[in-house]
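Undergrad: Here is the input, now give the coordinates:
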Amino acid sequence: MDPDRDDVARLRRGDPAGLAGLLSRHQDRLFRYLLRLVGDEAVGEDTFQQTWLKVTDRIGHYDSSRPFGPWLFAVARNLALDHLRRRQPESLEGVDEPTLPEGPDADPLAHAVARQQGARLAEMVAGLAPLDREVLSLRFEEDMDLPQLAQTLGVPVPTAKARLYRALARLRGRLLARGPAEEWR
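TA: Sure thing, here's the model as predicted:
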């Protein structure tokens, strides 16, 4: 049984528990995605709230035979892109560092190198155009497969695949411009 489907049905009937269920399952991923896309915490919070208002308002247009997550992310994406069109894109600040294992077997030097590489990678991703950051975030942070990515972006699967390939190529170019390829292995 799909909990999203049940909560969507509740929300369509006007039951606030439906929204609460959807929100509890999707809020962390959605906010993280919006933060990466818009690059500003305050704007991310505003867009997050606008997304849920729009979902509540447009739930009747949602096709419940399809997964809810990509539809939700598409609603959020459209709102974020509207915002980005109205202003100049800025780079991300306060990117999360990767969590490293701790304990007696932990190698401090390996951790320091991994942390430094993670910070440089985050800096390189933050310097990409918003649409490149978006496709990379959806694929690798939100773990969307190509059909879900295409549905979220509102494009055919081959187009989503091409956008992902181009974003990866641009990231690779930025990484190689920053230092030798051996540093990134």
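Undergrad: hey, let's count contacts and neighbours off CA atoms from now on
TA: Noted.
Undergrad: Tell me who's in contact with the residue nearest the centre of the chain.
TA: Among the residues of the chain, residue 33 comes closest to the average C-alpha position under CA atoms, centre = their mean, at 2.8 Å. Counting by CA atoms under 8 Å, 6 or more residues apart in numbering, residue 33 touches 134, 137, 138, 142.
Undergrad: and the residues you listed, which are buried?
TA: 134, 137, 138 (16 or more other CA atoms under 10 Å).
Undergrad: Let me know the distance separating the first one from residue 5.
TA: For residue 134, the distance to residue 5 under the criterion CA to CA, to the nearest Å works out to 26 Å.
Undergrad: any idea how the protein splits into domains?
TA: 3-86, 108-184 (automatic domain parsing).
Undergrad: for the protein, what spans make up the strands?
TA: Taking DSSP state E as the test, none of the chain falls into strands.
Undergrad: which residues of it score low on pLDDT?
TA: 1, 87-118, 179-185 (pLDDT under 70).
Undergrad: Okay, helices next: where are they in it?
TA: Under the criterion DSSP state H, the chain contains helices at 3-12, 16-38, 41-58, 68-86, 108-126, 130-136, 146-153, 157-178.
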